[in-house]
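**Q** have a look at this prediction, sequence included:
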Amino acid sequence: MAYRNFGDVLAFDTIYRTNRYAMPFVPFTGVNHHYQSVKFGFALMRDGHASTFQWIFRTWLECVGNKPPMTIITDQDQSMTSAIEDVLPNTTHLLCSWHISKKFPDKLVHYYSAFPEFKKDFNHCIYNSLTEDIFEASWESFVDKYYLQEYK
């Protein structure tokens, strides 16, 4: 019932591991009308192969009356991405900003140290852009300000 009411957006996260068997614990999570996390279900995985993710998503769909979410938010796992494309082709797949932002300090350390305002400007661009147009304009300004045109 919770999924039927609040399952438009689904977070699917494989970073949890059990201590004893190192098996990924993958919760299916949403947010209710009180902005509280709601667990719709979970799976324990033996491996991270695309076929395993396909089985999990197919089984999940059976459990929720074959109602796919409108949007799914995940980390950057390629096997998972492949399975989502196969099993949930009409679901919008977004990458979790938390997983991406974890990599910022390592990837941008020389900019953080060279420009005192870099981190604040970067975070403002990433997290305060409410539309794609605002993001694009902010990003272009950010790239120009810090001479990032050639940065990959």
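**A** Done, it's in. Numbers count the residues shown, from 1 in each chain.
**Q** only C-alpha atoms for contact and neighbour calcs from this point on.
**A** Will do.
**Q** got a list of what the residue positioned nearest the centre of the chain touches?
**A** Closest residue to the average C-alpha location of the chain: residue 96 at 2.2 Å, with CA atoms, centre = their mean. Counting by CA atoms under 8 Å, 6 or more residues apart in numbering, residue 96 makes contact with 73, 74, 75.
**Q** ditto for residue 76
**A** When contacts are counted by CA under 8 Å, 6+ apart, residue 76 touches 95, 99.
**Q** let me know the pLDDT of it.
**A** Residue 76 carries a pLDDT value of 79.
**Q** the one 5 residues further on too?
**A** Here, the pLDDT recorded for residue 81 equals 92.
**Q** what's around it, how many residues?
**A** 19 (other CA atoms under 10 Å).
**Q** so it is in which element?
**A** Under the criterion of DSSP states H and E, residue 81 resides in helix 78-87.
**Q** so residue 144 is in which element?
**A** Assigned by DSSP H and E, residue 144 falls within helix 132-145.
**Q** now residue 94
**A** Counting by DSSP H and E, the element that carries residue 94 is strand 92-95.
**Q** please report the distance of the residue lying farthest from the centre of the chain from residue 57.
**A** Distance from the centre of the chain peaks at residue 114, with 29.5 Å (CA atoms, centre = their mean). Distance of residue 114 to residue 57, computed by CA to CA, to the nearest Å: 45 Å.
**Q** could you do residue 63 as well?
**A** In terms of CA to CA, residue 63 sits 10 Å off from residue 57.
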